[in-house]
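*Asks:* Fold the following for me, if possible:
(one chain, ligands or ions: 2)
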Amino acid sequence: MLVLGLETSCDETGVALYDSECGLLADALFSQIDLHRVYGGVVPELASRDHVKRMLPLLREVLEQAGRKPEDIDGIAYTAGPGLVGALLVGASCAQALAFAWGVPALGVHHMEGHLLAPMLEEQPPGFPFVALLVSGGHTQLVRVDGIGRYQLLGESVDDAAGEAFDKTAKLIGLGYPGGPEIARLAQSGTPGRFTFPRPMTDRPGLDFSFSGLKTFALNTWQQCRNAGDDGEQTRCDIALAFEQAVVETLTIKCKRALKQTGLNRLVIAGGVSANQSLRQSLGKMLGDLKGDVFYARPRFCTDNGAMIAYAGCQRLLAGQHDGPAIAVQARWPMERLPAI
Ligand code: KG4
Ligand code: ZN
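*Replies:* Ligands and ions are numbered 1, 2, ... in the order given. Have a look, this model is predicted:
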């Protein structure tokens, strides 16, 4: 089965072709980062309008890359939520219009399920069951995964998502958008031990997270340094390192707890923050000590992309699931509501 995947939930237009027999055939992405950078974050209306502009050129690009024609496509998967409603509607409308024109089924995919399954596109995919740490700009969740659509939420952030904390902290210390890669880059030149940030909610039982206090801690640290006339590049690097270490250690402690609680030793990390090298190293070491394995997607498939939507959609379309012709998207959509396959 050849499936076209469309991702438009936020500021990336992603289009891909996934074949159930041959794997990923083509993948194209347009990132709107330059469009939003001047505003320091995503402007929803600009995002929607840009998705409209990019969709068809990217579709032509993947068909050409794969050497396939529209009539070869057996189904269309699109991100139906969670995300920005206007942006989601662009993908949903395109998907439904193309499905109607081509006489194939369309299926709305849950964006976080797409992220969760992205490591399945790699050479050594994880087997079920596993614990998944979903860390994106909008979500921080620990989930027990027993199969596709068999998700049990173990814990989640009570305030900011991990990626959101990276983005907001970066902005507060004068770095560009998106903040995650910027903080990771500066942290490489940070002085270990100059600042120590708290590890929120690790001193009490449970698997929930709270990241909003870390950005305040970063702001206070930055302001104290500025008042002392110490607001140079090195101070930014030192704050970036302390912040990154706090997030990484907090996530590692909670993942270890989740593995212990479930008795599993396979961990999948997915979403934009799973591209972070320190996080990968820290979790790799923790799983090494537990004689387990950690799985993640290549960096390009950690952040938003069409390939993960094509893959997730293909699994569900193969199981006979599809939508009616209505164009419906959901800004909020708990993943546990998805049907199992
Ligand atoms: O999954 P994603 O592309 O979009 C959402 O579904 O939200 O995640 C984007 C988030 C942003 O907050 C970005 O700052 C963060 O992922 N991110 C990173 C890194 N690369 C992207 N955070 C930390 N380290 C990175 N290397
Ligand atoms: Zn995402």
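*Asks:* who in the chain is up against ligand 1?
*Replies:* Applying Cβ under 6 Å from any ligand atom, one finds that the chain approaches ligand 1 through 10, 115, 136-138, 163, 166-167, 178-181, 184, 271-273, 275-276, 303-304. The C-beta positions use only the backbone N, C-alpha and C, and glycine is treated the same way.
*Asks:* can we see that at 8 Å?
*Replies:* Contacts of the chain with ligand 1, taken as Cβ under 8 Å from any ligand atom, map to 9-10, 12, 83, 111-112, 115, 135-139, 161-164, 166-167, 170, 178-184, 244, 247, 271-273, 275-277, 279, 299, 302-304.
*Asks:* List the ones among those residues that fall in helices.
*Replies:* 111-112, 115, 162-164, 166-167, 170, 179-184, 244, 247, 277, 279 (DSSP state H).
*Asks:* In ChimeraX, select just the buried ones from the residues of the chain next to ligand 1.
*Replies:* With 16 or more other Cβ atoms under 10 Å as the criterion, this ChimeraX line picks the buried residues out of the residues of the chain next to ligand 1:
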select :9,10,12,83,111,112,115,135,136,137,138,139,161,162,163,164,166,167,170,178,179,180,181,182,183,184,244,247,271,272,273,275,276,279,302,303,304
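*Asks:* Of the residues of the chain next to ligand 1, which ones also sit close to ligand 2?
*Replies:* 136, 304 (Cβ under 5 Å from the ion).
*Asks:* and G138, what does it touch?
*Replies:* G138 is in contact with 10, 82-83, 161, 163-164, counting by Cβ atoms under 8 Å, 6 or more residues apart in numbering.
*Asks:* quick one: the residue in the stretch 1-150 of the chain positioned nearest to ligand 2 from F209, how far?
*Replies:* In the stretch 1-150 of the chain, the residue that lies nearest ligand 2 is S136 (4.4 Å; Cβ to the ion). In this view, S136 and F209 are 13 Å apart by Cβ to Cβ, to the nearest Å.
*Asks:* shared neighbours, those two?
*Replies:* When contacts are counted by Cβ under 8 Å, 6+ apart, S136 and F209 have A162 as shared neighbours.
*Asks:* Quick one: the strands in the stretch 101-250 of the chain, in order.
*Replies:* 106-110, 130-135, 140-147, 150-156 (DSSP state E, counting those that start in this stretch).
*Asks:* M308: which of those strands is closest?
*Replies:* Closest approach to M308 among the strands of the stretch 101-250 of the chain is made by strand 106-110 (8.5 Å; Cβ to Cβ).
*Asks:* Kindly calculate the angle that that closest one makes with strand 150-156.
*Replies:* The directions of strand 106-110 and strand 150-156 differ by 30 degrees, with axes from the mean of the first three to the mean of the last three Cα atoms, to 10 degrees as the criterion.
*Asks:* now strand 106-110, how far from the centre of its chain.
*Replies:* Centroid separation for strand 106-110 versus its chain: 17 Å, with Cα atoms, centre = their mean, to the nearest Å.
*Asks:* Thanks again, I'm all set now.
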